[in-house]
Each structure stands twice: as C-alpha cells, then as structure tokens.
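1. A predicted structure for the sequence below; I have some questions about it.
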Number of protein chains: 2
Amino acid sequence: MTSYIDRINTYIKALDSDTLAALQNISSEKHFKKGDLLLRQNEVCGKSYLLVSGIARKFYLNDGKEVTTEIYFENDLAVSFDSYTLQRPSREYIEALTDVTVSVTHYQAFQDAKAKYAKLLTLDLMLAEYYGMWVENRLFQFHTLTATERYLDILDKSPHIVQTIPLTVIASYLGISLETLSRIRAKI
Amino acid sequence: MTSYIDRINTYIKALDSDTLAALQNISSEKHFKKGDLLLRQNEVCGKSYLLVSGIARKFYLNDGKEVTTEIYFENDLAVSFDSYTLQRPSREYIEALTDVTVSVTHYQAFQDAKAKYAKLLTLDLMLAEYYGMWVENRLFQFHTLTATERYLDILDKSPHIVQTIPLTVIASYLGISLETLSRIRAKI
DNA sequence: ACCATTATTTGACCTAAGTCAAATTTCTTG
DNA sequence: CAAGAAATTTGACTTAGGTCAAATAATGGT
C-alpha cells in the first residue's frame, strides 16, 4: 500500500506541463508556527495543505480528550477528508506540531481545475483511493493488534513518529492512554 | 454522509445514454446461493458486485475468528477495496448471506470505460470518496462509542441488519464477542 | 412431528487497558 | 543556572469486555 504513494508521485511527476502549470497556478506557499491551527472544528475544510516541511497532525475532541487521527510529514496531504469532500463543518482540527511550510490549494479552484484537466481528476481519485486504503488499514490494525503490537508497528514502520512527537500525541494516535503507552515503553 | 449516496445515485441517473450504455455493456447479472463466496482470501478482487437483491457481507479471519467488515444490501457495491484498487490478493472474503442477484463488472473493463467516459471517472471518484468517509466514520465510532452504544446505533440507523442477520455476524461487525452482544441485548 | 444442527443465552472467571493521583524527569525561559 | 512548567513514569485500583463452558432455544431436513 505504501507503494501506492510512489505510484501517485510517479503520476504527478509525469504530468504534462499544462496540467502541472494549472496545479501550480492554484497553489501557494504558506507558513505556520508551531501550535497554529490550520483547521478548526466546525470550520469547513476549504483548503488542502501539502506539507513542504515540518510536522502536523489532525485530531478531534472526545469528551475533552484529544484523539489524533493522522500525523503528517513532508509530502503528506493534510485535509479533513469528509469535511473537504462534502464541504461541511469539520469535526477535526489540523494543528502544526512544529513550524511548517505548506502548499495550499483551495477546494473550489481544484474542482474547477479537475473539470478542465482530466489528469487531475485521476489524481484526485488516486488520492481518495489511497486515503480509503490507509483508513481501512488503520481500522484493521485496531481490530487485530494489541496496544503493544500497534506501538511496535509504528516503531518499526514510522520510527520518525516516535522520535519527534510528544507521547501524549502518539498515545492518542494509537488509541491508548498516555500511562499505558508509558508502561509499554518501559517493558520493551 | 448518507446523503452522499443520494448524490451518487442522482449522478448515475443523470448520466447520458452513451455513458450509461457503456456501463451496461460491461456489466452482467449473476446469481449466488446463500453461503456462496463471491471472493475468497488471496484471490485478487477482479470484479465489483452491485447487489440487485439479497444480502452479502465482507469479512476476514483473525486467528480463526471471522471479523465482518461490511454488510451489503440492495444497491450496495461489494468489493474488497484495497484488493480491487491495487489488484493484489485480498485478505477478505465476500459471502452471500442469502441468495443474491448481483450486477458484475470486471475491473479492467471498468478501467477501460473510465478512460473513454470521463463521467465514469467522476463516478469512480465519488464511490472512492464515499467509501473513505464510510470507513473513517466506522473508525470514529470504534474510538468514541462503547459496545452498547455501537449496538444501539446500528439498531437505530440500520434496523434491517439486526432483523435478518445472525448475531455472530453482527457481533463480529460491531467488534465484540457474541456473548457480549447477547448480554447487551438482554439489558435493553 | 422429531432429531440434529445451529443459534443464543447465561454463568463464572480473567485480562488488557483505563483512571486517578502522585512522583520524577526533562524542557524552557527569565 | 534556577524556577516553573511540561512531559513522562510509577503505583494502586477499577472496569469493559473477553474467554471458556454449559444450558437453552430455534430451525431445517426427513
């Protein structure tokens, strides 16, 4: 499934200059500082953010507790999927975990561009497919792995997450309490 | 999110006759009997099944135990998403829970049709978006609701599931043991 | 209707992970 | 560098839901 990202990137690199130019025309770089919110709950996610540098995350509140749903690094595309797709209020926040630079694209501009450039439509499909598989896989892991196994998996597949990010965030991303995560770490 | 299905159906109904004909050309009706497997683990999901009538489900095995991932009714589209998208072996099975009639479309035929008919590409995007939001929501529920709340939710939003389907299947769909489900039902 | 499966319920006990509270360790920033 | 604030760890206890086993229903086939 990771290889699908490669396929997407290959696809982007192979875009004709017209399509590429159209994409660049509707994108612009922006900076956020650590702690800034790129998207707030109840706001419509009207933009997509391609991380150029830095780290960000998406989370929601479940009776006062933050639940991290996704962690973004360089080249990741940050959006609240359903809010973006349906253009309705988001239940999630997007927050900069470090200073970040992003390439911002407006929803409507991208919709318009898709109508003109069929390849962007295909790209959008690939991105949606990728996200679908990614979430499906996450759900699968929650069902089949124990807390310890999930931590080991992240340690194995995404060591950069464990390096840089506060345990509170990692715990909520793994769907376990901070204390449990700390105990898991103490064991291994 | 349910309303997105309506939008998809509206979109399908509004398709021009050419596109619609193309779609029909690559689809054919087929029957399965209760208990038949439309897709087996390790098979590549090379077809999509639109349920015309009957009930089906998708599931995988987690050390011997069946975990139901989706339940299909009339008009639902049954595929193993990642297997279909990547055309690689499936970890899931698709099984007829009753006798079913389906409209079968081959993966490659649909790919070809998408290249010719842009509207099918858009349709595919909508379907992928819908699935992404659906899974995301399922994950969300697993994180925020207790077993009882999840059962009540299904009872509320999809009473037809509880009517017709064996508790073993429902329990595995809710991610709880059969016994726990039975106890939940005894309480309410 | 009757037997044999298959489905569901009930009981007793167990366990992974959560909660609350306090102790440390590690960063920040003056 | 020191003081305060955050982050992390540790301890004691609770709990939702799981597991194993046995008892009752239901159901379908003959």
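-> Perfect, I can see it now. Numbering: from 1, shown residues only, chains lettered A, B, ... in the order given.
2. can you pull out the helices in chain A?
-> For chain A, the helices defined by DSSP state H occupy A:2-13, A:17-25, A:81-86, A:107-116, A:118-144, A:147-157, A:159-164, A:167-174, A:178-187.
3. what stretches of chain A score poorly on pLDDT?
-> Applying pLDDT under 70 to chain A flags residues A:1.
4. near chain B, which residues of it show up?
-> With C-beta under 8 Å from any C-beta of the partner chain as the criterion, chain A meets chain B at residues A:1, A:4, A:60, A:62, A:67, A:81-82, A:85-86, A:91, A:118, A:121-122, A:124-125, A:128-129, A:131-133, A:135-140, A:142-144, A:175. No exception for glycine: its C-beta is placed from N, CA and C like everyone else's.
5. re earlier: reformat the helices of chain A as CSV; add distance to residue B:18.
-> Formatted as CSV, the helices of chain A follow (distance: least, C-beta to C-beta, whole Å):
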stretch, distance to residue B:18
helix A:2-13, 27
helix A:17-25, 25
helix A:81-86, 27
helix A:107-116, 19
helix A:118-144, 17
helix A:147-157, 46
helix A:159-164, 49
helix A:167-174, 47
helix A:178-187, 56
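6. what's the most buried one of the ones you listed?
-> helix A:81-86 (a mean of 22; mean count of other C-beta atoms under 10 Å in any protein chain shown).
7. circling back to that earlier point, can you redo the helices of chain A as TSV with distance to DNA strand C?
-> Output for the helices of chain A, formatted as TSV (distance: least, C-beta to the nearest atom of the strand, whole Å):
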stretch	distance to DNA strand C
helix A:2-13	25
helix A:17-25	35
helix A:81-86	24
helix A:107-116	34
helix A:118-144	10
helix A:147-157	4
helix A:159-164	11
helix A:167-174	8
helix A:178-187	3
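8. who's sitting farthest from the centroid in chain A?
-> Centroid-distance maximum for chain A: residue A:187 at 30.1 Å, with C-alpha atoms, centre = their mean.
9. beta partners for the residue nearest in space to the middle of chain A?
-> Geometric centre of chain A, nearest residue: residue A:78, 4.1 Å, by C-alpha atoms, centre = their mean. Taking DSSP bridges, one finds residue A:49 as the beta-bridge partners of residue A:78.
10. and it, how far from residue A:102?
-> Using C-beta to C-beta, to the nearest Å, one obtains 7 Å as the distance from residue A:78 to residue A:102.
11. what sits closest to the residue farthest from the centre of chain A if chain neighbours are left out?
-> residue A:148 (7.6 Å; C-beta to C-beta, 6 or more residues apart in numbering or on different chains).
12. and that neighbour, how far is that from residue B:112?
-> 46 Å.
13. tell me which of the helices of chain A sits nearest to residue B:33.
-> helix A:118-144 (28.4 Å; C-beta to C-beta).
14. the closest one: how far from the chain's middle?
-> Between the centre of helix A:118-144 and the centre of its chain there are 11 Å (C-alpha atoms, centre = their mean, to the nearest Å).
15. how about that helix, does it reach DNA strand D?
-> No: using C-beta under 7 Å from any atom of the strand, helix A:118-144 stays clear of DNA strand D, coming no nearer than 10.0 Å.
16. list the helices and strands that helix packs on?
-> helix A:2-13, helix A:17-25, helix A:107-116, helix A:147-157, strand B:56-62, helix B:81-86, helix B:118-144 (3 or more C-beta pairs under 8 Å, 6 or more residues apart in numbering or on different chains; DSSP states H and E).
17. what's the angle from that helix to helix B:107-116?
-> Interaxial angle of helix A:118-144 relative to helix B:107-116 (axes from the mean of the first three to the mean of the last three C-alpha atoms, to 10 degrees): 150 degrees.
18. find the residues that touch each one of residue A:78 and residue A:102.
-> Taking C-beta atoms under 8 Å, 6 or more residues apart in numbering or on different chains as the contact rule, residue A:78 and residue A:102 both touch A:38, A:49, A:50, A:51, A:56.
19. now tabulate the residues you listed in JSON lines and tack on neighbour count.
-> Converted to JSON lines, those look like this (neighbours: other C-beta atoms under 10 Å in any protein chain shown):
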{"residue": "A:38", "neighbour count": "23"}
{"residue": "A:49", "neighbour count": "24"}
{"residue": "A:50", "neighbour count": "18"}
{"residue": "A:51", "neighbour count": "19"}
{"residue": "A:56", "neighbour count": "25"}
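20. let me know the closest of those residues to residue B:167.
-> Distances from residue B:167 to the shared contacts of residue A:78 and residue A:102, taken by C-beta to C-beta, are shortest for residue A:56, at 42.5 Å.
21. residue A:92 contacts residue A:58, correct?
-> Yes: using C-beta atoms under 8 Å, residue A:92 is in contact with residue A:58, at 5.1 Å.
22. so which of those two has more stuff around it?
-> residue A:92 (26 against 23; other C-beta atoms under 10 Å in any protein chain shown).
23. what separates that one from DNA strand C, distance-wise?
-> 20 Å (C-beta to the nearest atom of the strand, to the nearest Å).
24. and that residue, how far is that from residue B:76?
-> 27 Å.
25. what's the neighbour count on residue A:29?
-> 10.
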